[in-house]
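# Sequence first, predicted coordinates after that:
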Amino acid sequence: MVNEVLTVAMLVVMAIGVFSGFPVALVLAGTGFLGFVAAVWVGITDFQHLGLIYLRARGVLTNESVQFTSVPMLIFLGLILNASGIAETMFRLLGRLLTGVPGRYAIATLLIGLVLAPAAGVIGASVITVALVAYAPMMASGYAPRTAGGAVAASGALGVVFPPAVMLFFISNVFYLRIGLMYVALIVPVLLMVMAFAVYFAVTLRKTVEIPLDTPKTNLVSDLLFVLASVAVIASIPLSIILGFATLTEAAGVGVFGALLVALARKRLSFSSLNSVTVQTSTMTSMVYFIVLGASVFSLSFHLVGGPDVIFEWISAFDLTRWELLAILLGVIIILGFVFDWIEVLLVFVPVLMPIFSELDFADHVGSAYFAQIWIAGLIALALQTSFLTPPFGYALFFAKMAAPKGINLSDIYRGAVPLVAIEIVLIAALISFPQLITWLPEMSLGDVDAPQLIQR
């Protein structure tokens with residue numbers, strides 16, 4: 001009974017702190033410390049174990065297998081590419097290449113989101129960058145406000161789960177998976193999502209008469225080379241990891257060097273821009289690390305009071321099937337994504353739910369216990385990505401409104417996002433029914449020798 005009271009108390013205090021607008025990192029750390037004091041007071045532990053908080057935080061940040069040093073470089077890479085103006089160039093190029101295709105500017109907006117994948121770990125930067133490039137051409141071309149708003153929000157949310165997005169690094173860490181396998185696992189699902197979105201826009205905009213835009217005359221060959229160079233820089237990170245040429249930190253460092261070369265070649269690498277990007281990177285990295293530290297303190301105290309066991313017992317009491325549990329857990333993660341950033345969801349709530357996830361045996365459905373973990377991790381990533389786009393609380397929707405020109409209301413963006421969310425839910429259902437869509441590339445990348453023994457399907 002004491003454990004249940006402390007578990008509920010910690011969750012309630014944390015929720016009150018978050019909704020009050022107090023910094024999340026301080027809320028997590030403060031709640032964790034109060035939980036520790038309460039555990040000492042009721043006799044669950046004693047103050048001699050206070051040093052565990054320091055050891056826990058230090059262990060997380062200095063764990064060589066986690067490679068937290070790659071986080072600032074991945075953020076820096078995305079911001080440098082944004083500063084280089086590659087999004088505007090790519091949008092203009094795709095607009096020319098897709099001439100005659102219905103909804104070409106909406107489709108071009110989606111593809112920009114993939115190029116901006118490294119910056120999408122900070123979804124606000126990604127959505128706003130796409131918005132500044134794509135809103136004006138789509139509106140000038142005659143698109144309805146809801147179409148333009150939905151395309152911008154969807155594009156900004158796409159990169160959150162496309163390699164080498166920062167979020168995949170944290171998911172692989174939570175599930176103790178190789179980052180290279182996590183990267184390749186999401187390639188097919190995200191490409192299917194892009195294709196589904198593109199078909200939707202092409203069908204719904206087939207009768208729209210697009211007004212020709214006055215675009216600046218530029219060198220097509222030069223634009224194409226810069227876009228290909230940027231894509232190559234981003235693709236080199238997951239490819240070098242998957243092929244075993246570099247660790248995540250090394251690959252991120254090489255990617256940063258390549259992005260600097262692209263910005264230099266485009267004459268966008270001034271001292272002022274470099275200083276601005278460095279300051280933004282420092283700010284974002286500090287935010288991530290503070291949340292990591294706060295989550296570590298909260299997680300330790302929550303385990304000390306027996307929180308995960310209490311939640312596991314509550315859910316187990318309903319005697320649900322594994323499919324019902326999976327559906328409920330994915331639904332909970334989508335709802336949590338409305339309120340919390342993905343960092344808090346992955347570092348605080350998913351570890352709390354891990355005892356339940358570990359009890360879900362889908363080895364017979366997927367092919368092996370190891371690939372079942374990859375499959376579940378991929379579903380969680382897509383569930384979080386869906387939450388960013390789901391009205392009325394999706395982060396991508398708010399950022400899309402923040403950067404929207406006059407004439408586009410939040411209600412327009414909501415209406416534009418609803419069909420896209422429905423497509424994502426159908427896609428997640430398809431991935432649940434056909435896990436090979438997630439596990440096929442990881443199986444291929446491991447090969448017959450390194451792959452865990454597969455169950456004959």
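On my side now, so go ahead. It should be emphasised that the depicted structure is a prediction, and the values quoted were computed from it without experimental measurement.

# Contact partners for residue 400?
Applying CB atoms under 8 Å, 6 or more residues apart in numbering to residue 400 gives the contacts 127, 131, 149, 152-153, 156, 413. (C-beta placed from N, C-alpha, C; glycine too.)

# Now with 10 Å, please.
127-128, 130-131, 135, 148-157, 389, 394, 408, 410, 412-413, 416-417 (CB atoms under 10 Å, 6 or more residues apart in numbering).

# Can you list which of these are found in helices?
127-128, 130-131, 135, 148-157, 389, 410, 412-413, 416-417 (DSSP state H).

# how far does the lengthiest helix in the chain sit from the chain's center?
Ranked by residue count and defined by DSSP H, the top helix of the chain is helix 271-304. Taking CA atoms, centre = their mean, to the nearest Å, one finds the center of helix 271-304 at 16 Å from the center of the full chain.

# So which bits of it are buried?
277, 280-281, 284-285, 287-302, 304 (16 or more other CB atoms under 10 Å).

# What is the helix or strand that it is followed by packed up against?
Using DSSP states H and E, the helix or strand that follows helix 271-304 in sequence is helix 307-316. Other elements packing on helix 307-316 under the criterion 3 or more CB pairs under 10 Å, 6 or more residues apart in numbering; DSSP states H and E are helix 2-19, helix 271-304, helix 322-339, helix 350-359.

# same thing but 6 Å
helix 2-19, helix 350-359 (3 or more CB pairs under 6 Å, 6 or more residues apart in numbering; DSSP states H and E).

# would CSV of the ones you listed with mean neighbour count, mean pLDDT and distance to residue 422 be doable?
Supplementary listing: the helices and strands packed on helix 307-316 in CSV, determined by neighbours: other CB atoms under 10 Å; pLDDT from 0 to 100; distance: least, CB to CB, whole Å:
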stretch, mean neighbour count, mean pLDDT, distance to residue 422
helix 2-19, 16, 82, 29
helix 350-359, 17, 79, 25
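
# Between these, which one is closest to residue 94.
Residue 94 lies closest, by CB to CB, to one member of the helices and strands packed on helix 307-316: helix 350-359, at 35.8 Å.

# Render the CA-only coordinates of the helix or strand just after that closest one in PDB, please.
Next in sequence after helix 350-359, counting helices and strands by DSSP H and E, comes helix 363-366. Taking Å, rounded to 0.1, in the frame of the first residue of the first chain, the C-alpha atoms of helix 363-366 are listed here in PDB:
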ATOM      1  CA  ALA A 363       8.700 -13.900 -31.000                       C
ATOM      2  CA  ASP A 364       6.300 -16.200 -32.800                       C
ATOM      3  CA  HIS A 365       4.700 -13.300 -34.600                       C
ATOM      4  CA  VAL A 366       7.900 -11.500 -35.600                       C
END
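
# about what we covered before: so the longest helix of the chain versus helix 350-359, what angle?
Going by axes from the mean of the first three to the mean of the last three CA atoms, to 10 degrees, helix 271-304 is angled at 60 degrees with respect to helix 350-359.

# Look up how far residue 193 lies from residue 434.
Separation of residue 434 from residue 193 (CB to CB, to the nearest Å): 15 Å.

# which one of those two has more residues nearby?
residue 193 (25 against 11; other CB atoms under 10 Å).

# The more buried one: what's its closest spatial neighbour, skipping adjacent residues?
residue 427 (5.8 Å; CB to CB, 6 or more residues apart in numbering).

# residues making contact with the helix or strand harbouring that neighbour?
Per DSSP H and E: residue 427 is located in helix 410-433. Applying CB atoms under 6 Å, 6 or more residues apart in numbering, the contact partners of helix 410-433 are 145-147, 149-150, 153-154, 189, 193, 196, 382, 386, 389-391, 397, 400-401, 437-438.

# ok now that helix, how far from the chain's centre?
Distance, centroid of helix 410-433 to centroid of chain: 16 Å (CA atoms, centre = their mean).

# before we move on, what about stretch 1-12?
On CA atoms, centre = their mean, the centre of stretch 1-12 falls 30 Å from that of its chain.

# For it, which outside residues touch it?
31, 35, 38, 42, 305-307, 310.

# For ChimeraX, what selects the buried ones among the residues you listed?
To isolate the buried ones among those in ChimeraX, judged by 16+ other CB under 10 Å, type:
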select :31,35,38,305,306,307,310
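
# Rebuild the contacts of stretch 1-12 as a markdown table, extending it with distance to residue 93 and pLDDT.
Shown next, in a markdown table, are these (distance: CB to CB, whole Å; pLDDT from 0 to 100):
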| residue | distance to residue 93 | pLDDT |
| --- | --- | --- |
| 31 | 49 | 87 |
| 35 | 53 | 87 |
| 38 | 59 | 87 |
| 42 | 64 | 83 |
| 305 | 56 | 82 |
| 306 | 57 | 81 |
| 307 | 51 | 77 |
| 310 | 55 | 79 |
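
# so which of the contacts of stretch 1-12 comes closest to residue 445?
Once CB to CB is applied, the member of the contacts of stretch 1-12 that ends up nearest residue 445 is residue 307, at 36.4 Å.
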